[in-house]
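In: Sharing a model that was predicted from the sequence below.
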Amino acid sequence: MATVTVNVNGHDYAVGCEDGQEPHVEALAREFDARVRDVAAQVGKVTELRLFLMAALVLADESADLRTRLMDCQEKLGRSQSDDALGEMRAAQAIDAAAERIETLAAGLV
């Protein structure tokens, strides 16, 4: 297990992570730090714990919105795929019907 030092709101924190995940954890910490600083600019002087909590709630809210949008997109994709499958089935039925008519006409020519 690796340890990476990240800086959030001007303070260094040692964070454990899987080997090789250090750059990812550092990027996440930079994103969190940016959110913490945004919240601090909006609310002013509060305890660091409260500041971190508020930033975490902002991120959780954004995450919930993204999950909702993802579910909506998945539903639309599912409906689209169902529509496509229905169209393909109808096209196959039309081809089968045309083939039967051609076979009937061909049999009448013999």
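Out: That came in fine, so what should we check first? Computed from a predicted model, the values in this text were never measured in an experiment. Numbering: from 1, shown residues only.
In: and the most centrally placed residue in the chain, what pLDDT?
Out: Geometric centre of the chain, nearest residue: residue 70, 5.6 Å, by C-alpha atoms, centre = their mean. For residue 70, the pLDDT comes out at 93.
In: ok, it to residue 63 distance?
Out: Distance, residue 70 to residue 63, using C-beta to C-beta, to the nearest Å: 10 Å. Heads up, the C-betas are built off the backbone N, CA and C, glycines and all.
In: who does the helix or strand that contains residue 78 touch, helix- and strand-wise?
Out: Residue 78 belongs to helix 48-109 when assigned by DSSP states H and E. Other helices and strands packing on helix 48-109, by 3 or more C-beta pairs under 8 Å, 6 or more residues apart in numbering; DSSP states H and E, are helix 22-43.
In: Only C-alpha atoms, please: export the helix it packs on in PDB.
Out: In PDB, the C-alpha atoms belonging to helix 22-43 read as follows (Å, rounded to 0.1, in the frame of the first residue of the first chain):
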ATOM      1  CA  GLU A  22      -1.000   8.000  -6.300                       C
ATOM      2  CA  PRO A  23      -1.500  10.300  -9.300                       C
ATOM      3  CA  HIS A  24      -5.200   9.600  -9.300                       C
ATOM      4  CA  VAL A  25      -5.500  10.400  -5.500                       C
ATOM      5  CA  GLU A  26      -3.500  13.600  -6.000                       C
ATOM      6  CA  ALA A  27      -5.900  14.700  -8.800                       C
ATOM      7  CA  LEU A  28      -8.900  13.900  -6.600                       C
ATOM      8  CA  ALA A  29      -7.300  15.900  -3.800                       C
ATOM      9  CA  ARG A  30      -6.700  18.900  -6.100                       C
ATOM     10  CA  GLU A  31     -10.400  18.800  -7.200                       C
ATOM     11  CA  PHE A  32     -11.500  18.600  -3.500                       C
ATOM     12  CA  ASP A  33      -9.200  21.400  -2.600                       C
ATOM     13  CA  ALA A  34     -10.700  23.600  -5.300                       C
ATOM     14  CA  ARG A  35     -14.200  22.800  -4.000                       C
ATOM     15  CA  VAL A  36     -13.100  23.600  -0.400                       C
ATOM     16  CA  ARG A  37     -11.700  26.900  -1.600                       C
ATOM     17  CA  ASP A  38     -14.900  27.800  -3.500                       C
ATOM     18  CA  VAL A  39     -17.000  27.000  -0.500                       C
ATOM     19  CA  ALA A  40     -14.600  29.000   1.800                       C
ATOM     20  CA  ALA A  41     -15.000  32.000  -0.500                       C
ATOM     21  CA  GLN A  42     -18.800  31.800  -0.300                       C
ATOM     22  CA  VAL A  43     -19.300  31.200   3.400                       C
END
